[in-house]
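Trainee: With the sequence up front, the predicted model follows.
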Amino acid sequence: MAKESNAAKAARTARIVAALRAAYPEARCELHFTNPLELLVATILSARCTDKQVNAVTAQLFRKYRRAADYANADPAELQAELKAIGLFRNKTKSIRACGRKLLERHGGEVPQTLEELVQLDGVGRKTANVVLGTAFHLSRGIVVDTHVRRLAGRLRLSAQTDPEKIEADLMQQVDPSQWIRFSHWLIWHGRRRCYARQPDCEHCEIQKLCPSATIPEAHPASRV
């Protein structure tokens, strides 16, 4: 495939954005939460775990732990048992308790609203910070790069990078800032519903014509006209 010019890539990216918007008008974060603290905890728990698994656990967790102080003062063995259904539950127990302590000590128990402050919390990297800022506070400070966004950015040739922060930087250059929050939701929904990791459904893909990686199975001879 010939190298794509910057102008051509920009035009293709704009068409991808428009097509995904049309395909997934209801796209949103699929973690269940009612306030920024719940979203922060749920996103920490979602690392290497499905949203469905997290939602099953937090349905009970959020009834018991309502404030940062509840997590900070949680009995480690008890909290660990409550998170046992989630992958890496031991490390996540430590992160959530430590995160609760820092929220109390540095932010009066409230979730901060800057990327710089959020990434100083235990268990929080740029991805989690961008989720909280964009979804809880509607602040467009970056693009969430999870496993789906990383996979699709490569398949769509929007980034040749493998490091999430470098992928984010590439996407931020190509997508208008007003679309950053929704763009990550659109890619995540597309990754979960069409562009699967092992067998992407290219044949029915809404952006197949815009994807350099798309492969369409050849029609069976009997079906040809």
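Mentor: Received it, and whenever you're ready, just let me know what you need.

Trainee: now the helices: where do they sit in this protein?
Mentor: Secondary structure of the chain (DSSP state H): helices at 6-23, 36-45, 51-64, 68-72, 76-82, 89-107, 115-118, 126-131, 147-155, 164-174, 180-193.

Trainee: Other residues contacting the second one?
Mentor: For helix 36-45, the surrounding residues in contact (CB atoms under 8 Å, 6 or more residues apart in numbering) are 29, 31-33, 54-55, 57-58, 61-62, 65, 67-68, 71, 83, 86, 92, 95-96, 99, 103, 110-111, 121, 123-124, 127-128, 131-132, 135-137. The C-beta positions use only the backbone N, C-alpha and C, and glycine is treated the same way.

Trainee: residues near Arg106, how many?
Mentor: 13 (other CB atoms under 10 Å).

Trainee: What of the one 5 residues further on?
Mentor: By other CB under 10 Å, 22 other residues sit near Val111.

Trainee: One more: Ser178?
Mentor: Neighbour tally, Ser178, other CB under 10 Å: 9.

Trainee: Surely it touches His138?
Mentor: No: taking contacts as CB atoms under 8 Å, Ser178 lies outside contact range of His138: 11.6 Å.

Trainee: re the thing from before, out of the contacts of helix 36-45, which end up buried?
Mentor: 29, 31, 33, 54-55, 57-58, 61-62, 65, 68, 71, 83, 86, 92, 95-96, 99, 103, 111, 121, 123-124, 127-128, 131-132, 135-136 (16 or more other CB atoms under 10 Å).

Trainee: buried sites along stretch 134-146?
Mentor: By neighbour count on 16+ other CB under 10 Å, the buried set for stretch 134-146 is Gly134, Thr135, Ala136, Leu139, Ser140, Arg141, Gly142, Ile143, Val144, Val145, Asp146.

Trainee: Ignoring the adjacent residues along the chain, who's closest to the first one?
Mentor: In other words, Gly134. In this structure, Gly134 finds its nearest non-sequential neighbour in Ile181, 3.9 Å apart by CB to CB, 6 or more residues apart in numbering.

Trainee: if I look at the one you found, how far off is Arg194?
Mentor: 21 Å (CB to CB, to the nearest Å).

Trainee: Of the two, which one has the most company?
Mentor: Ile181 (22 against 18).

Trainee: wait, what's in contact with Ala19?
Mentor: Contacts of Ala19 by CB under 8 Å, 6+ apart are Glu206, Ile207, Leu210.

Trainee: neighbour-wise, which of those leads?
Mentor: Counting neighbours by other CB under 10 Å, the top entry in the contacts of Ala19 is Ile207, with 23 neighbours.

Trainee: got any ranges where the chain has weak pLDDT?
Mentor: Regions of the chain meeting the criterion pLDDT under 70 cover residues 1-2, 217-225.

Trainee: What residues of stretch 177-187 count as buried?
Mentor: Gln179, Trp180, Ile181, Arg182, Phe183, Ser184, His185, Trp186, Leu187.
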